[in-house]
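> Quick one, what's the 3D model for this:
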Amino acid sequence: MMQEKNDRKKIVVVDGMGGGIGVQLVTKLREAFDGSVEIIALGTNAVAVERMVKAGAGRGAAGENAIKQSAGLGDLILGPIGIVISNSMMGEITRTMADAILAANAERILLPLQNDHITLAVTESLSLSKMIERAIELAKERLL
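As a prediction, this is how the structure comes out:
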């Protein structure tokens, strides 16, 4: 039985800069869930959000206050690891944004992308498309 529209699970996708990773996540989420979840796009700037909404997010908002107020709307939060690290993504992620995402009562599925000032020690090097594919698999496991 399909949930009512208002009872649908919600996935928050957070991105910044040009929104390219967010666009790929939104596109793959739409394909994987076929309208059974609501996708909310949150971005550090309007360009990122606009691109994610064009890719199929149901709604979106940009900026520090939007992320602070809306990060908690989701059952899941997806994005690059930088969304939980202050001053990452070339300074676009503020402490308030990172704290709001970490404080949200949602599971976070983060892509382990390198940042200028952070090095991740990983055992396996995956392409961005493989990371996104795995993130979508995890989202499906959690929500279906």
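
> buried ones in stretch 93-110?
Of the residues in stretch 93-110, those buried under the neighbour-count criterion (16 or more other CB atoms under 10 Å) are 93, 94, 97, 98, 100, 101, 104, 106, 108, 109, 110. C-beta: built from backbone N, CA, C; applies to glycine.

> Contacts for it next, please.
12, 14, 16, 44, 64, 67-69, 71-72, 74-88, 135, 138-139, 142 (CB atoms under 8 Å, 6 or more residues apart in numbering).

> Let's see that with 6 Å instead.
Taking contacts as CB atoms under 6 Å, 6 or more residues apart in numbering, the residues outside stretch 93-110 that touch it are 64, 67-68, 71-72, 74-78, 81-86, 135, 138.

> Out of these, which sit inside strands?
Secondary structure assignment by DSSP state E places 76, 77, 78 of the contacts of stretch 93-110 in strands.

> Residue ranges in this protein under the pLDDT threshold?
1-6, 115-116, 123 (pLDDT under 70).

> For it, which segments count as helices?
Counting by DSSP state H, the chain has helices at residues 20-33, 46-54, 64-70, 88-91, 95-103, 128-143.

> Pipe the ones you listed into JSON lines and attach distance to residue 119 per row.
Output for the helices of the chain, formatted as JSON lines (distance: least, CB to CB, whole Å):
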{"stretch": "helix 20-33", "distance to residue 119": "19"}
{"stretch": "helix 46-54", "distance to residue 119": "24"}
{"stretch": "helix 64-70", "distance to residue 119": "25"}
{"stretch": "helix 88-91", "distance to residue 119": "13"}
{"stretch": "helix 95-103", "distance to residue 119": "18"}
{"stretch": "helix 128-143", "distance to residue 119": "16"}
